[in-house]
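K.L.:
okay, structure incoming, though there's no sequence with it:
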């Protein structure tokens with residue numbers, strides 16, 4: 001944790017920036033979610049051990065069919081979401097995507113009764129950036145990046161801020177933290193922490209693109225430069241030499257009707273026609289684009 005904690009915010013910010021601006025990075029995350037979750041999401045296939053439970057085959061089949069029906073009612077409705085905006089398959093896709101992008105995320109189990117809903121259980125997905133030390137306190141052995149631990153180092157609670165750290169309100173006095181216990185008094189799970197634990201004792205997750213953020217950034221710059229070079233090379237310009245009086249009127253672009261004046265500046269464009277002073281040298285562009293060695 002100590003090796004990642006110092007640079008955690010920077011790594012997460014770079015990961016999210018790459019996913020926003022580098023198509024390859026976004027494709028990596030989306031493809032992983034497509035193959036792991038897909039459009040239909042996680043499916044339920046109840047298979048209980050009737051012999052251990054002392055149930056007949058008829059009772060086993062009836063229980064499995066009833067359980068599967070209740071599962072479908074819960075997952076296919078937006079009532080499973082605390083914000084009532086997405087279904088359970090969409091939430092599982094969102095959860096995995098958020099974990100891969102930010103390193104980890106959280107699912108809160110909330111007991112809330114709403115009119116028209118058959119279930120009291122609501123699921124709330126929280127981004128990892130909301131989990132932080134109250135009042136931005138320094139990390140300790142019992143409090144590390146929003147994770148509260150007991151004397152034995154076992155996580156017992158999480159601290160969530162009201163505002164995202166990127167929100168201006170997070171720097172004001174109105175930002176408060178709420179502590180959420182991981183288990184209820186009865187031992188029921190209240191919070192799920194989604195992250196890939198790669199080391200013993202690791203408390204928080206690391207973005208999947210963390211080790212290659214620098215390379216992806218360079219790859220994005222290369223793609224942008226190659227694309228721009230190809231676009232520039234596709235432009236076709238004609239240069240007319242002579243006195244302004246002899247070359248008027250000359251169009252900037254075949255689709256435009258305005259003429260060039262004495263103060264016009266030469267610039268690239270589609271079908272651009274420009275006038276230059278006599279004796280001005282003009283060289284064509286390097287026809288080495290598109291680069292055959294660059295694979296889109």
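P.N.:
Yep, that arrived. Everything numeric in this text was worked out from a predicted model, so none of it was measured.
K.L.:
could you list the low-pLDDT ranges of the stretch 1-150 of the chain?
P.N.:
Within the stretch 1-150 of the chain, the segments meeting pLDDT under 70 span 1-6.
K.L.:
what of the stretch 151-296 of the chain?
P.N.:
For the stretch 151-296 of the chain, the stretches flagged by pLDDT under 70 are 236-296.
K.L.:
show me where it has strands.
P.N.:
With DSSP state E, counting those that start in this stretch, the ranges of strands along the stretch 151-296 of the chain come out as 155-161, 177-181, 191-195, 237-241, 272-276.
K.L.:
how about the stretch 1-150 of the chain?
P.N.:
Along the stretch 1-150 of the chain, the segments classed as strands by DSSP E, counting those that start in this stretch run 104-111, 121-127, 143-144, 147-149.
K.L.:
would you turn those into TSV with distance to residue 216 and mean neighbour count?
P.N.:
All C-beta atoms are positioned from the backbone trio N, CA, C, and that covers glycine. Shown next, in TSV, are those (distance: least, C-beta to C-beta, whole Å; neighbours: other C-beta atoms under 10 Å):
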stretch	distance to residue 216	mean neighbour count
strand 104-111	20	18
strand 121-127	21	17
strand 143-144	28	17
strand 147-149	28	19
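K.L.:
out of the ones you listed, which gets nearest to residue 58?
P.N.:
strand 121-127 (29.0 Å; C-beta to C-beta).
K.L.:
any chance you could list what contacts that closest one?
P.N.:
Around strand 121-127, the neighbours that count as contacts under C-beta atoms under 8 Å, 6 or more residues apart in numbering are 74, 79-83, 88, 91, 94-95, 98, 102, 105-112, 160, 164.
K.L.:
who's in contact with residue 120?
P.N.:
Here residue 120 is in contact with 111-113 (C-beta under 8 Å, 6+ apart).
K.L.:
what separation do you get for the residue positioned nearest the centre of the chain and residue 10?
P.N.:
In the chain, the centroid-proximal residue (C-alpha atoms, centre = their mean) is residue 101; its distance is 4.9 Å. Distance, residue 101 to residue 10, using C-beta to C-beta, to the nearest Å: 15 Å.
K.L.:
re earlier: surely the residue nearest to the centre of the chain and residue 19 touch.
P.N.:
Yes. Counting by C-beta atoms under 8 Å, residue 101 does reach residue 19; the two are 5.6 Å apart.
K.L.:
distance to residue 136 added to the strands of the stretch 1-150 of the chain, as JSON lines?
P.N.:
Below are those laid out as JSON lines (distance: least, C-beta to C-beta, whole Å):
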{"stretch": "strand 104-111", "distance to residue 136": "19"}
{"stretch": "strand 121-127", "distance to residue 136": "17"}
{"stretch": "strand 143-144", "distance to residue 136": "11"}
{"stretch": "strand 147-149", "distance to residue 136": "15"}
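K.L.:
out of the ones you listed, which comes closest to residue 214?
P.N.:
Across the strands of the stretch 1-150 of the chain, residue 214 has its closest neighbour in strand 104-111 (21.4 Å, C-beta to C-beta).
K.L.:
burial of the nearest residue to residue 129 once chain neighbours are set aside, as a residue count?
P.N.:
Distance criterion C-beta to C-beta, 6 or more residues apart in numbering; nearest residue to residue 129, sequence neighbours excluded, is residue 165 at 5.4 Å. Residue 165 sits with 16 neighbouring residues when counted by other C-beta atoms under 10 Å.
K.L.:
list phi and psi for residue 38.
P.N.:
Phi and psi for residue 38, reported as degrees, to the nearest 10, are phi 80, psi -170.
K.L.:
and for it, the neighbour number?
P.N.:
Neighbour count for residue 38, taken as other C-beta under 10 Å: 13.
K.L.:
where along this structure do the helices fall?
P.N.:
Taking DSSP state H, the helices of the chain run over residues 2-5, 8-21, 23-36, 50-53, 57-75, 88-102, 213-234, 244-247.
K.L.:
so which of those gets nearest residue 144?
P.N.:
Using C-beta to C-beta, the nearest of the helices of the chain to residue 144 is helix 2-5, at 7.2 Å.
K.L.:
dump the residue contacts of residue 155.
P.N.:
Applying C-beta under 8 Å, 6+ apart, the residues near residue 155 are 147-149, 182, 193, 203.
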